[in-house]
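Colleague: Pasting a predicted model and its sequence here:
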Amino acid sequence: MSLTYILRRLGIFFLILWVASTLNFVIPRLAPGDPIAALIGDMEEQGATVENSAELINMFRERFGLDDPLPIQYFKYLAALARFDLGYSIRFFPATVSQIVAAALPYTIGLLTATSLITFVLGILAGALLVWHTTPQFGRAVITFFMMLAPIPYYLLAIIFVSVLAFSLGWFPYSGVVSVGRLPEEGFDFGYIVDLVYHSLLPAFSIIIAGVGGWVLGMRGMMVTVLGEDYLTLAEAKGLKDRRIFLRYAMRNAILPQFTALAITLGYVVSGATIVELIFSYPGMGLRLFEAINSNDFPVIQGITFFLVVSIAVAILIIDLIYPWLDPRITYSRK
Amino acid sequence: MTTAFLPETGPETAPTEEPAIGTRGLRASVRYWLGNWKLSLGLAMIIGLTGFSILGSYMVDFDLTKVAAGDFNARPSEKYLLGTDNVGRDVWALIIHGIHPSLKVGLIAGVLGTAVGVVLGVVGGYYGGNTDAVISTMADIFLTIPSLLILVVLASYIRTTTLEFTALVIAIFAWAGPTRLIRSQTLSLRERAFVPLAKLSGQSDFEIAIKQIMPNLLPYIMAGFVGAVSGAILALVGIQILGLGPLFTPNLGMILQAAYEGAAIFRGMWWWWVPPTVALMIIFISLFLISLALDELANPRLRERAK
Amino acid sequence: MTVAIDSAPLLQIENLRVYYWTQAGPVKAVDDISFTINPKERFGFIGESGCGKTTTIMAILRLIKRPGRIEGGRILLKGSDILSLNDEEMRQSRWSRISLIPQGAMNSLNPVMRVQDQIADAIVTHRGAVPIRELRERIGDLLETVQLSADVADMYPHELSGGMKQRVCIAMATALEPELIIADEPTSALDVVVQKAVMETLIGVQERLNASMILIGHDMGMTAQVADRVGVMYAGKLVEVAGTRELFRQPQHPYSQALISSLPSIREKKRGGGIPGLPPFLLNPPQNCLFHPRCPHAIAFCRETPPPMHRLRPGHMTACHKLSAPEQFDSAGGSDSGAGAAMAGAGTEASSGHQTR
């Protein structure tokens, strides 16, 4: 892997962070008036009592440097972000945004990592099998069914799951991350982990089933192209076993563009997952985001957005750094 | 050399490599479209739903969608075809008056996103170089950033807006997908023989872009448009479920959000949350079918093989 | 160049038919052809593109894909019909008995596997696991037989030139010492200087293995120099089979005559003439003798009766009524001038078709 490739990928990593945080900076300033005062004023109007409101306002004014000219504000803001300093939550003052995010992030990252990997692997395999000549008719029918679920959004699927599987049938819990009042015991608590996984199953299913179809579709398209390649004919002429041709020659090549697609769809998956979390009251970033929206806790809204973007950018960076290892041509063709 | 092991004679191999250029290809495409069940079904579903909503709007009193227009939490009956919600709005009226505004948002954002995408995609793909590098990097980044979250930030500052304004906001992210798609196709079209030929015959870059490249991009432009519309509706409903949508015009996302907030599922009020869910599914599935058909048009290898 | 006639043939093709089933009906890509290949023999196929050469060899490997299907005939390899093998037996016969040097060597290597792994794949599949050191050594030796350095084993296809890729394909094709090597335009994608060297390498390994070879050449001159015997195909039919020298000096079938006279000859310093007309559209081919619409000698009899494969003399077969039923031509009073004249006008245009390919 060449150094220029790594540098280029790092550049894109920071570019993503920069664009996202700049949007985060610009948007509040597009709103008319002093955002902080207006915000706290809003809350008081709605009857919420904000303790230490004067102190809060000063703290925010200072941190945002709202009296500085805009460019200075902007650089101060970027400098603060670089230290992961996102200020204080309005609702839970004096808790910092970073503390709130830190409490929620592991659930979201855990849920997303597990479901993304499962979705990707299942979708890729199913998509490849869909056009492979030895796949039985029944298998194709099942895969086609899941492919047809591709357009259904995460949240609709989640709503249907909650209603049918959790509410009507009672097979799954419909909220929370563990049973009410369940706390981990000292040492290794297997039961706790089981409970945790059990509570994550339904949100995970929603994300997986809503996502698999898209991968099936993408992989199917790529496989069809690869099936026409000369190296597949030669592999067959070589008398290789069917499974080996499928895995090492066909799938191995068709999978490459899917990795690029994986990086691009992460943002979409994260967006969807936040709403799924909300529907299942799963205490990750999505639920916190919803709570923050309902209490006008702007620093938390921005902080959650920022940290999710950081997570996605990190995931993309990882994918990009793995990619040359999967495709030996990459170092040479891209300078 | 791509056709190396294809049958040497089969006439069915001939049209696969080229897009629809010339009358013969065009006629074949039209015939293909008419016979494609995905396209017909998708179009029938979306046109049917739109027609149902627009015609219905003239027949069902809009006042029924207002708070306290009827009984609260009523089950479906002769009086209330789909019951009422927890503030006395008639769900049947809400659905009829709510479908077309939701589609309108998709349409506005889709048109804007596609228009920007076509311009940027053709420019980037045709001129290449630094212009292309900037355009495609920005498109990739905008695709990567979870648009819903940025929209949430935006919507949380600018509350209580109109649907049209929300559509404009969604369009900020709707251009990236079409741009990427159009760019890669322009790039490959540029390499085809007819572009250098047009150049030799003295056409300007602009003429080539309009006369030579655009017609061949048509299936991709339509695919990009369908994708942008679907993405916009997806984002709109997502924002609304989070409680950040426009509240005054009845629309599908709003009904769904109200049903969620009102715990419709746990109160067994299926008539409240099922209709908007079904309507949204019809929208997404029909757009999906149309885009599948467009995919097959653009990439004939995906077509179901003749026996 | 003489071939031991007395030994039993290695490969016997009998009445092979391969059709592609299109929506508009069957395309008879290979229609009832028969020929034999003797041990150690190099057999060349010539004919315009689309005449069924590649389909024929793909049928021998049983790699015809839908919508194509082998409709009938027998393919006897050392006396046993490979069309009667089950899929697993066929898989085992591929490469260990019949190997392929593909047409598109440029794209025939898996871009994400090292050369060594691609050759090892073939060896391990058929011969079972081999200790890695032994395997490396064997692959190194194989690469040396095709004048490549052993280092190539660790390279990826994109790091190789076209000629090197073609040599890798040759090395791979000989890895299991098959009885029959099929080379489908093995040099078509290479530049002229490399072509000759690669062809020499190919002949070298084939002779060393005592294998037979089927050679499809895009370059008739090359085929003339290399092959022992040559078959001429036209529109899915084999129209003439003869020893190379005999065929190129005295082609008997009117199509062979036209094809061979289209060759530019250095000695005579003139450009060859073309063949009037175009190859037939196989969905709706002419009846009986497929060549009659383009044939200067065609008579009504040619349109009405299919020409049988006729043995002119030992080792020279051809399918033309003029040679098998000359009496018909006497009674018809010479050539059907109508068809000949009609075609003469289209002649100059069509000549480039097979030459530039």
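Modeller: Cool, got the structure.
Colleague: thought residue B:110 was touching residue B:229?
Modeller: Yes - assessed by CB atoms under 8 Å, residue B:110 is found in contact with residue B:229 at 3.5 Å. All C-beta atoms are positioned from the backbone trio N, CA, C, and that covers glycine.
Colleague: Quick check: residues of chain A near chain C?
Modeller: Within reach of chain C by CB under 8 Å from any CB of the partner chain, chain A has these residues: A:229-231, A:233-241, A:244, A:248-249, A:252-253, A:256, A:326-329, A:332-333.
Colleague: Only the buried subset of the residues you listed, as a PyMOL command please.
Modeller: Here is the PyMOL command that picks out the buried ones among the residues of chain A next to chain C, judged by 16 or more other CB atoms under 10 Å in any protein chain shown:
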select buried, chain A and resi 229+230+231+233+234+235+236+237+238+239+240+248+249+252+253+256+327+328
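Colleague: In helices only, show me the residues of chain A next to chain C.
Modeller: Counted as lying in helices by DSSP state H, out of those, are A:230-231, A:233-237, A:244, A:252-253, A:256, A:326, A:332-333.
Colleague: Which of the residues you listed sits closest to residue A:104?
Modeller: Comparing those against residue A:104 with CB to CB places residue A:326 closest, at 32.6 Å.
Colleague: What are the phi and psi values at residue A:280?
Modeller: Note on residue A:280: backbone dihedrals following degrees, to the nearest 10 are phi -100, psi 10.
Colleague: What's the per-residue pLDDT of it here?
Modeller: For residue A:280, the pLDDT comes out at 83.
Colleague: Give me the distance between the residue in the stretch 1-150 of chain C that chain B sits nearest to and residue A:238.
Modeller: For the stretch 1-150 of chain C and chain B, the shortest gap (CB to the nearest CB) falls at residue C:104, measuring 3.8 Å. Going from residue C:104 to residue A:238 by CB to CB, to the nearest Å gives 15 Å.
Colleague: where in chain B is pLDDT low?
Modeller: Applying pLDDT under 70 to chain B flags the ranges B:1-34, B:68-69, B:74, B:159-161, B:193, B:300-307.
Colleague: can you give me the helices in it?
Modeller: Using DSSP H, helices in chain B cover B:22-34, B:37-59, B:91-127, B:129-144, B:147-157, B:163-174, B:176-191, B:194-200, B:205-207, B:214-241, B:252-261, B:270-298.
Colleague: Roughly how far does the nearest residue to residue B:128 once chain neighbours are set aside sit from chain C?
Modeller: Using CB to CB, 6 or more residues apart in numbering or on different chains and skipping the chain neighbours, the partner closest in space to residue B:128 is residue B:187 (7.7 Å). Distance, residue B:187 to chain C, by CB to the nearest CB, to the nearest Å: 20 Å.
Colleague: So what's the residue count around residue B:187?
Modeller: 16 (other CB atoms under 10 Å in any protein chain shown).
Colleague: One more: residue C:110?
Modeller: Neighbouring residues of residue C:110 were enumerated by other CB under 10 Å; the total is 25.
Colleague: Phi and psi next, for it.
Modeller: Taking degrees, to the nearest 10 as the convention, residue C:110 sits at phi -70, psi 120.
Colleague: wait, what's in contact with whichever residue of the stretch 151-300 of chain B sits closest to chain A?
Modeller: Across the stretch 151-300 of chain B, no residue is closer to chain A than residue B:288, which sits at 3.4 Å (CB to the nearest CB). By CB atoms under 8 Å, 6 or more residues apart in numbering or on different chains, residue B:288 lies in contact with A:148, A:150-151, B:42, B:230.
Colleague: and which of these is nearest to residue A:214?
Modeller: residue A:150 (4.9 Å).
Colleague: can you confirm that closest one is in a strand?
Modeller: No - per DSSP: H, G, I helix; E, B strand; the rest coil, residue A:150 lies outside any strand segment and is coil.
Colleague: How far does stretch B:96-111 sit from its chain's centre?
Modeller: 10 Å (CA atoms, centre = their mean, to the nearest Å).
Colleague: Check stretch B:45-59 too.
Modeller: In this view, stretch B:45-59 has its centroid 18 Å away from the chain centroid, taken as CA atoms, centre = their mean.
Colleague: in that stretch, what counts as buried?
Modeller: Under 16+ other CB under 10 Å, the buried positions of stretch B:45-59 are B:45-46, B:49-50, B:52-53, B:56-57.
Colleague: ok, now stretch B:262-281?
Modeller: So for stretch B:262-281, counting by 16+ other CB under 10 Å, buried means B:262, B:264-265, B:269-277, B:279-281.
Colleague: where does residue C:322 sit relative to chain A, distance-wise?
Modeller: For residue C:322 relative to chain A (CB to the nearest CB), the value is 39 Å.
Colleague: Could you name the helices and strands sitting against the one helix or strand that residue maps to?
Modeller: Using DSSP states H and E, residue C:322 sits within helix C:321-324. Packing contacts for helix C:321-324, counted by 3 or more CB pairs under 8 Å, 6 or more residues apart in numbering or on different chains; DSSP states H and E, involve strand C:310-313, helix C:326-332.
Colleague: List the contacts of that helix.
Modeller: For helix C:321-324, using CB under 8 Å, 6+ apart, the contacting residues are C:252-254, C:289, C:297, C:299, C:301-302, C:305, C:307-308, C:310, C:312, C:318, C:328-329.
Colleague: Which parts of chain A belong to which domain?
Modeller: Domain assignment for chain A, taken from automatic domain parsing, gives A:3-82, A:99-326.
Colleague: okay, the ones you listed, which one's buried deepest?
Modeller: domain A:99-326 (a mean of 20; mean count of other CB atoms under 10 Å in any protein chain shown).
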